[in-house]
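Visitor: Need coordinates for the following:
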Amino acid sequence: MKNITYRIVTFLLCVIILAGVFPLVATAADNEPAPITEDTVFHARPVRDNAYVVSAEKYNAYESEHFQILWGNKNNSVITQKWLEGNAEILESCWRLFIEEMGMSPPSLCTRKSGDQQTHYKVNLIVMGTGIAGYESGWAFGGIDSEGYAYMMCDVNALTPSPQTWVTPHEFGHCVHFAQNYNCWGSSPYLGPWYEAIANWFREQYLYSDYYTSNQFYRTDLSPLYLRSISLTAANGRAYYEAWPIFQYLMENPDNLEGYGKGFVVKLLQTGGASGYIYKMIEDLAEAELSETLGYFAAHMATLDFKNHKNYLAKMKSLVASGEFFWQQFYTMLEPVTGRENVYTVPTERAPQQAGYVITPLTITGDEIAVTLNGLIKEDGAAWRACIVTVTDDGTYYSKLFGDGETMTVSTEGVKEAYLTVAATPDLGKYVKYTIPTWNNASSEESIPFSKKPRYPYEVTITGAEPSPRTITRSNRGDPHPNGGGFVASTAKVDEKAYVGPNAMVLGNAMVRGNVRIEGNAVVMGNAVVKGNATISGYAIVTGNARVADNAYIGDYAIVSGNAKISDNAKVIESAYVYGNYGISENATAKGLALCLGSGSLSGQAVADGDFYDDSGAKINKGTVCGYLSATNNAYIRKRKQEKGLYLGYTFDVDGGLIANEIYSSTCARVFGAKWISDGMNGVYSFDGSFQYISLDASVLYTDNLQIKMSVLWDGGDVGGNVFYFGGNGAYMYFTPSGEGGVAELVLSDGEKMQRIASDKALVEGEWIEVIITLCDGVGALTIGDKRVACSELSVSLADIKSKIDATDAYYLGRGEADDSYFAGSLDYIKFYFDNAATVDLTPLAAVDTGEGVDTDTADTSDENSENKDNSTLIIVLLAMSIVVLALVAIALYMFVLKEKRKDNSENSSEDKQ
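Guide: Model prediction:
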């Protein structure tokens, strides 16, 4: 009986289990997406977005084969039958291209796997601004309604059938993306910004297709936002809509890399998940190495060598012509390494982040070009992929990729253009995953600051070519300026006392007033006005309606345009771009790759650096700020640290290998052989007095007043060497622990005059000592330890020196220009201030003339004057007492001699009598 009961129970359980399993299997099978066939009917459905329902019953509707357009009864006078048909045709063209030709899954099914996968619905387009509740305003969006169906929302003014709108190809691209594998990208914290890049990529396919017939001058949305940001990891806050070119490369696959081609982007969009990260996905989905992919992609970007090449070039040229974009924002001018022939380095701010890249045009000088790459990050996993790109009448050619320590050589026969591209391609395990804070706050600047986003600086040795300089075309109407010889257009106005250097230019309707200096290859043009004591230097550009005044400094590759205003002691340097109505004043600085636009401002001693981007109108008055949208984060701004007066500082806290990082900013220094030791406050660099040094950025001297504070240990020896040396060609400043006469001294020279500000003795050997050098308001002072040992008025000013040197000269720690000027000892820190931050007494002492053209300060200080007076009085008293004593001794000796003489006379008289 028990056996029968057991068997019955077991049988019933099996029936129950099977009854449960088979319906599930059947349901899963039934829920597979229904394919589109000739018999497929596309049904119209309303948009149900929570409380809002938009349907043909409540509003107006127009249907085409795959779309339904819904609009209200307000502001719809433009919505005619022709308008509806034209917009529907654009959408149907996109359907044919994206779905039928490219093979994407259609957005006509529910994007939820559990939703209806059997009934195909028409994709809805809601026309905003026409009186539909919940959709009163906005420009253009793609979204998923509360039932899981993709739809579009576009303002009536965004929907122009002629010329064909660029809006709906983008928004429909979102809908198509949502339909790929049930919107599998949606769960990843890192893929959000890439939705926009993909939507723009869809639009690019439409613009380049035969379906687009409107604007034939350029059929692309290639953006200056992306072109300015290629050294940064894509996507980033300043360029994520615009980061589509990588997908174009993957689809076209011009280098026939294994795994890419027409269907690759489809595969990419259908692969995702909670851990999805775009570069890992690309690596996993193709047999080609990611590093190889990025290296060749960067190479093709050098000449925009894609199928739509003609339109890309036309767009770039139009951007340059309009003043919206500049050659030097896309191409990088490598900088010569002082003292090393044919060696060039990437500017500190252009060192590429992971997957970022740098493009350098080359000027051919020989029969073949040879390039050796030297990566400056030597940690495991760091890597680069470089390529030499050459252009002939027959096409564009690419060398094999080469990496750190490798050399590539190509012939220049028939070559009309040449480029060097370098992409940062670290091992995928070294990538720091981050996105944009608006998608994931874990990627905010506070959580992952710019300093934690790895950069990969490098050097190259080039023979047979050299990095090309930037050129700006000028008209022939103009003359050399009498003060400096630089070209001034006949339409521009420049005061006679202003300086325009031989390679500088003033063009257009620009005005230069007062004691302005336009140096190097700088250009002032457009309707810009520069006045006061401002300096424009390097390859800087001031254009548009920009205003630069007072003691402002614009240098390196910086650009100031639009209605921007730079005043007081403000600086715009490195590759910063300031435009719109942005203002920078007081002692603030824009540097790195900062984009300062809109109506915001920097003041105080605020520094915008790295990947800073702000168009929010934020007013920032302290600290160093980086990152996208950081300027709208008041808490982030309030927490920025700063040290009074400091604008560059190196504390050597960690061993950076070949790189020494600055305290707050991205302006790194290059280490040549100096050894890092865990000593001092946190760490120090040691120099052995023989070919070990550190090279700083030229911006250490981008200030009118200067104070240098450093902690020095001198090992001693016959030669003191230079703790630092800034300058070249006879104009320089340096400090030595034991110079002429065996004393510690600061030496200044402008090439004609020399001035020494000296102690009365050398630094003590083997002991740490803080040295403060102050050059402020025409006075120079030297402080060693807690004693001000010298102070005098400057006969050689910092301005005199700066006017004779440029960024290509030497900015050394641990050596000078000469081979016998190497320093033996250690540096714990060195800091540069734009004012007298240490409040050193600047009361000058009298100087004594030590020779023609050389001034030397007296080696004592005013705080010892009273002691000196007391010592002088004591010496006088002692001298007087000595004279009295000597007189008394002389009298005593005289009396003694006289007495002895009388005695002798008496004895002689007695003898005579006898």
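Visitor: where in this structure is pLDDT low?
Guide: 1-30, 629-632, 680, 846-914 (pLDDT under 70).
Visitor: And the helices in it?
Guide: When assigned using DSSP state H, the helices of the chain occupy the ranges 2-30, 81-95, 167-178, 192-207, 224-227, 245-252, 264-269, 278-285, 290-301, 309-322, 327-330, 634-638, 798-802, 865-913.
Visitor: what packs against the fifth one?
Guide: This points to helix 224-227. Contacts of helix 224-227 with other secondary structure elements, assessed using 3 or more Cβ pairs under 8 Å, 6 or more residues apart in numbering; DSSP states H and E, are made with helix 309-322, helix 327-330. All C-beta spots, glycine's among them, are computed from the backbone N, C-alpha and C.
Visitor: Also the fourth one?
Guide: Based on contacts counted as 3+ Cβ pairs under 8 Å, 6+ apart, the elements that helix 192-207 packs against are helix 81-95, helix 167-178, helix 245-252, helix 264-269.
Visitor: swap in the third one?
Guide: Based on contacts counted as 3+ Cβ pairs under 8 Å, 6+ apart, the elements that helix 167-178 packs against are helix 81-95, strand 123-128, strand 140-144, strand 150-155, helix 192-207.
Visitor: Ok, the second one next?
Guide: In this structure, helix 81-95 packs against strand 67-71, strand 123-128, helix 167-178, helix 192-207, with contacts taken as 3+ Cβ pairs under 8 Å, 6+ apart.
Visitor: Is it possible to get TSV of these that adds distance to Glu258 and mean neighbour count?
Guide: Output for the helices and strands packed on helix 81-95, formatted as TSV (distance: least, Cβ to Cβ, whole Å; neighbours: other Cβ atoms under 10 Å):
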stretch	distance to Glu258	mean neighbour count
strand 67-71	38	25
strand 123-128	35	25
helix 167-178	26	26
helix 192-207	22	23
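Visitor: Out of those, the one nearest Ser821 is which?
Guide: Comparing the helices and strands packed on helix 81-95 by their distance to Ser821 (Cβ to Cβ), the top pick is helix 192-207, with 50.7 Å.
Visitor: quick one: contacts of the closest one?
Guide: When contacts are defined by Cβ atoms under 8 Å, 6 or more residues apart in numbering, helix 192-207 is touched by residues 93-94, 97-98, 102, 142, 166, 169-174, 176-177, 185, 212, 219-221, 234-235, 240-244, 247-248, 265, 269, 278, 308, 435-436, 439-440.
Visitor: just to revisit the earlier point, pick the most deeply packed of the helices and strands packed on helix 224-227.
Guide: helix 327-330 (a mean of 19; mean count of other Cβ atoms under 10 Å).
Visitor: Give me the nearest residue to Leu313, chain neighbours excluded.
Guide: Counting by Cβ to Cβ, 6 or more residues apart in numbering, the nearest residue to Leu313 once its immediate chain neighbours are dropped is Leu304, at 5.8 Å.
Visitor: Pull the contacting residues for the one you found.
Guide: Counting by Cβ under 8 Å, 6+ apart, the residues that Leu304 touches are Leu222, Tyr312, Leu313, Met316.
Visitor: now do 7 Å
Guide: Contacts for Leu304 were tallied using Cβ atoms under 7 Å, 6 or more residues apart in numbering; they are Tyr312, Leu313, Met316.
Visitor: Over to Val542?
Guide: Contact criterion Cβ under 7 Å, 6+ apart gives Val524, Ala528, Val530, Ile536, Val548, Ile554, Val560 as the residues in contact with Val542.
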